[in-house]
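Engineer: I'll drop the sequence and a predicted model, then ask my questions.
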Number of protein chains: 2
Amino acid sequence: MLINTKEQMYTVFELQQLIEQAIPKIEYPSHPKNLYAPLTYIMNLGGKRLRPALVLITTDMFKGDIMEAMPAALAIETFHNFTLIHDDIMDNAPLRRGKLTVHEKWGTNNAILSGDVMMVEANKQLAQVDSSILKDVLNTFNATAQGVCEGQQLDMEFETRDNVSITEYIDMIRLKTAVLVGGAMKLGAIIAKASPEHATHIYDFGENLGIAFQLQDDILDVYGDPEKFGKQVGGDIKSNKKTFLLLSLQQRLSSEDQLVLEDQFTNETASKVQNVTNLYNQYQIKELATAEMQHYLAKAFDALDQIDIPEIQKAQLVQLANELMNRER
Amino acid sequence: MLINTKEQMYTVFELQQLIEQAIPKIEYPSHPKNLYAPLTYIMNLGGKRLRPALVLITTDMFKGDIMEAMPAALAIETFHNFTLIHDDIMDNAPLRRGKLTVHEKWGTNNAILSGDVMMVEANKQLAQVDSSILKDVLNTFNATAQGVCEGQQLDMEFETRDNVSITEYIDMIRLKTAVLVGGAMKLGAIIAKASPEHATHIYDFGENLGIAFQLQDDILDVYGDPEKFGKQVGGDIKSNKKTFLLLSLQQRLSSEDQLVLEDQFTNETASKVQNVTNLYNQYQIKELATAEMQHYLAKAFDALDQIDIPEIQKAQLVQLANELMNRER
């Protein structure tokens, strides 16, 4: 079996492989077919499996048994994919990873219900953890799930508001994205029977890393290499999405440039992305966003420093964090 | 406190009162306001609180502490109301208990997300039960939640199918309605530390009672007293809903009467309800449905008989079941 008796840590790649192998083996009921088919479909669309990998990395870092953490890792990935099904309905998104979204393929009502039952599947996986830590695991998972719902609600509400502050924006991405990163890592710590202090520090690491990750996503949307960035560059600009960059720009614009920007909101031509990017360049918004990202990254590593275990045990996590922060997509 | 030291059982009414008092005291987060407002709204629309009452009645029947069962009772009621929010979206229903449905009041996207977070709230309440029984409670709850989703999926699929068998129909109402009744009672038994055998028998009682209850609902839709029946009499007929009555009629119709019925499916006039009721009368469908209902009621009481506790402890449950089965609305 895969109990880690070896001195070395598992590499991130090894853990991602274990998850890739486990996912196709998850068995959903066969009936009603159209209720469960979307679960298999979305779980096998691919992705980096970062969230479940973070559960396992954290368990391994605290010298726990990674196979004991697998149900929680799969619960996190299942929950994440459930949110994708429902978010895609709300965002009216036609495609997910280049394939039809669940609601496009099976219809909206079916997608609502498949999402609901997928949340139940996540809870079923979670209920497999050892009874001695079950309550702690549930409390962490439920707080995480609640935060993600709150973040999605705020994200939707921001679309129709024109007075969103930077503080509100950071809080939204914290809830929508970062809480799940922190929650995944806290679950890994609890399963490894880490101390409550360690569990809190690793949560803080994950949450701040998650915020930094999302800020970098905002930057890459504008400044990513079109060859390497997975999504279309400038997608946020085209949809007037209130990102950290846009909100920061709006705070800094001269009244003259304010009119320039407002004109772009209704610009439907190809020049829009370049025109808004010019404003970002003019006001050094990339530098500002990078500094903000570095701020949260530093907070993350501060939290990690609080954990008094040999540095070698943190090595995989540090490497992953650095890779994530130097990604181009 | 309300720990039952008295010799007598709580009456159903007393337990319903306890639930009515507990529901307005549930505290949801205040922010984001529009995410949580629908939870308070739908939880306070009223209703008979039968499902949570059944949790408490069962705990009391097995001499458990009903206040220990309250979190599970509230989890069941919260889960039930979450399904109402999402079902109303899928059914495009404008009203629920005479008030606007959540999606009509807050919009569909908001309603999807409020439903999602309401499911998390149900799980949070459930996680409050004693650690020693938590895994058993979760497994029961998750199996129940899964069944309810499956039942709703089948109900939706039946709308567009014209070859639904009676067996499939019974299985659908078992999943959509009866599994939650059985699950609520099994939770009550687990919390009272009843034996696994007792928990299984009370589940069987609840599930069969739930099927009988839904069959009676089908009958009341046609034969209920308009003065007393809560919903509009003939609602199922007007919407061509595939109930036990309609499916049974279709199996028995002469080829001539088959055409009479088919004409009614597109009849938009006031005569429709009377015309279809005439066919039901002609083929003695009410008697058939009543016999089927009695069959499941007998199965329920058979299961209850298997439970070797003093009959006096079953008295409240028996009374409630009889009241439900003799209701006119």
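Structural biologist: Structure's in. What do you need? This one's a predicted model, so the numbers in the text were calculated from it and none came from an experiment.

Engineer: Render the CA-only coordinates of the helix or strand where A:Phe301 lies in PDB, please.
Structural biologist: Assessed by DSSP states H and E, A:Phe301 sits inside helix A:285-305. Output of helix A:285-305 as PDB, limited to C-alpha atoms (Å, rounded to 0.1, in the frame of the first residue of the first chain):
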ATOM      1  CA  ILE A 285      -1.400  49.000 -12.500                       C
ATOM      2  CA  LYS A 286       0.600  45.900 -13.300                       C
ATOM      3  CA  GLU A 287       3.200  47.000 -10.800                       C
ATOM      4  CA  LEU A 288       0.500  47.800  -8.200                       C
ATOM      5  CA  ALA A 289      -1.200  44.400  -8.600                       C
ATOM      6  CA  THR A 290       2.100  42.600  -8.500                       C
ATOM      7  CA  ALA A 291       3.000  44.400  -5.200                       C
ATOM      8  CA  GLU A 292      -0.400  43.400  -3.800                       C
ATOM      9  CA  MET A 293       0.100  39.800  -4.900                       C
ATOM     10  CA  GLN A 294       3.600  39.800  -3.300                       C
ATOM     11  CA  HIS A 295       2.000  41.100  -0.100                       C
ATOM     12  CA  TYR A 296      -0.300  38.100   0.200                       C
ATOM     13  CA  LEU A 297       2.400  35.700  -0.800                       C
ATOM     14  CA  ALA A 298       4.600  37.100   2.000                       C
ATOM     15  CA  LYS A 299       1.800  36.700   4.400                       C
ATOM     16  CA  ALA A 300       1.400  33.100   3.300                       C
ATOM     17  CA  PHE A 301       5.100  32.400   3.900                       C
ATOM     18  CA  ASP A 302       5.000  34.100   7.200                       C
ATOM     19  CA  ALA A 303       2.300  31.700   8.300                       C
ATOM     20  CA  LEU A 304       4.300  28.800   7.000                       C
ATOM     21  CA  ASP A 305       7.300  30.000   9.000                       C
END
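
Engineer: So for whichever helix or strand comes after it, what gets flagged as buried?
Structural biologist: Downstream of helix A:285-305, the first helix or strand assigned by DSSP H and E is helix A:311-325. Residues A:314, A:316-317, A:320-321, A:324 are the ones in helix A:311-325 that count as buried (16 or more other Cβ atoms under 10 Å in any protein chain shown). Yep, even glycine has a C-beta here, placed from its N, CA and C like the rest.

Engineer: Check stretch A:220-233 too.
Structural biologist: A:220-224, A:229, A:233.

Engineer: Kindly report the same for stretch A:77-90.
Structural biologist: For stretch A:77-90, by 16+ other Cβ under 10 Å, it's A:77-90.

Engineer: And these, which is closest to chain B?
Structural biologist: For the buried residues of stretch A:77-90, the closest approach to chain B (Cβ to the nearest Cβ) belongs to A:Met90, at 4.3 Å.

Engineer: Now do that closest one against A:Ile112, distance only.
Structural biologist: According to Cβ to Cβ, to the nearest Å, A:Met90 stands 10 Å off from A:Ile112.

Engineer: shared neighbours of the two, anything?
Structural biologist: B:Ile112 (Cβ atoms under 8 Å, 6 or more residues apart in numbering or on different chains).

Engineer: So which residues on chain A come close to chain B?
Structural biologist: Contact residues (Cβ under 8 Å from any Cβ of the partner chain) of chain A with chain B: A:29, A:31-32, A:34-35, A:86, A:89-90, A:109-110, A:112-113, A:115-117, A:119-121, A:123-124, A:127, A:131, A:134-135, A:138-139, A:142, A:145-146, A:149-150, A:152-154, A:156-157.

Engineer: list the contacts for the residue nearest the centre of chain A?
Structural biologist: In chain A, the centroid-proximal residue (Cα atoms, centre = their mean) is A:Thr177; its distance is 4.4 Å. Taking Cβ under 8 Å, 6+ apart as the contact definition, A:Thr177 lies against A:151, A:210-211, A:213-214.

Engineer: Out of those residues, which is nearest to B:Tyr41?
Structural biologist: A:Gly151 (21.9 Å; Cβ to Cβ).

Engineer: For the closest one, grab the count of nearby residues.
Structural biologist: By other Cβ atoms under 10 Å in any protein chain shown, the residues close to A:Gly151 number 22.

Engineer: The buried residues of stretch A:77-90 in strands, which ones?
Structural biologist: Residues of these located in strands (DSSP state E): none.

Engineer: Could you export these as TSV, including pLDDT and distance to B:Phe62?
Structural biologist: Compiled in TSV, the buried residues of stretch A:77-90 are given as follows (pLDDT from 0 to 100; distance: Cβ to Cβ, whole Å):
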residue	pLDDT	distance to B:Phe62
A:Glu77	98	39
A:Thr78	98	34
A:Phe79	98	34
A:His80	98	39
A:Asn81	98	39
A:Phe82	98	35
A:Thr83	98	39
A:Leu84	97	42
A:Ile85	98	39
A:His86	98	38
A:Asp87	97	43
A:Asp88	97	45
A:Ile89	98	43
A:Met90	97	44
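
Engineer: Any chance of TSV for the residues you listed, columns distance to A:Thr269?
Structural biologist: Shown next, in TSV, are the buried residues of stretch A:77-90 (distance: Cβ to Cβ, whole Å):
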residue	distance to A:Thr269
A:Glu77	40
A:Thr78	42
A:Phe79	40
A:His80	36
A:Asn81	36
A:Phe82	38
A:Thr83	34
A:Leu84	31
A:Ile85	34
A:His86	33
A:Asp87	29
A:Asp88	28
A:Ile89	30
A:Met90	28
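
Engineer: where do the helices sit along the stretch 1-150 of chain A?
Structural biologist: A:12-22, A:33-43, A:50-61, A:66-90, A:102-106, A:108-126, A:131-159 (DSSP state H, counting those that start in this stretch).

Engineer: Contact partners for the closest residue to chain B within the stretch 201-329 of chain A?
Structural biologist: Nearest to chain B, among the residues of the stretch 201-329 of chain A, is A:Lys242, at 15.6 Å (Cβ to the nearest Cβ). Taking Cβ under 8 Å, 6+ apart as the criterion, A:Lys242 is in contact with A:158-159, A:164, A:169.

Engineer: for A:Arg327, same thing?
Structural biologist: Counting by Cβ under 8 Å, 6+ apart, A:Arg327 touches A:216, A:220.

Engineer: Let me know the secondary structure of it.
Structural biologist: Three-state assignment for A:Arg327 (DSSP: H, G, I helix; E, B strand; the rest coil): coil.

Engineer: what does the model give it for pLDDT?
Structural biologist: Per-residue pLDDT puts A:Arg327 at 75.

Engineer: What of A:Pro226?
Structural biologist: pLDDT, read off for A:Pro226, is 76.

Engineer: what's the closest non-adjacent residue to it?
Structural biologist: A:Val233 (4.8 Å; Cβ to Cβ, 6 or more residues apart in numbering or on different chains).
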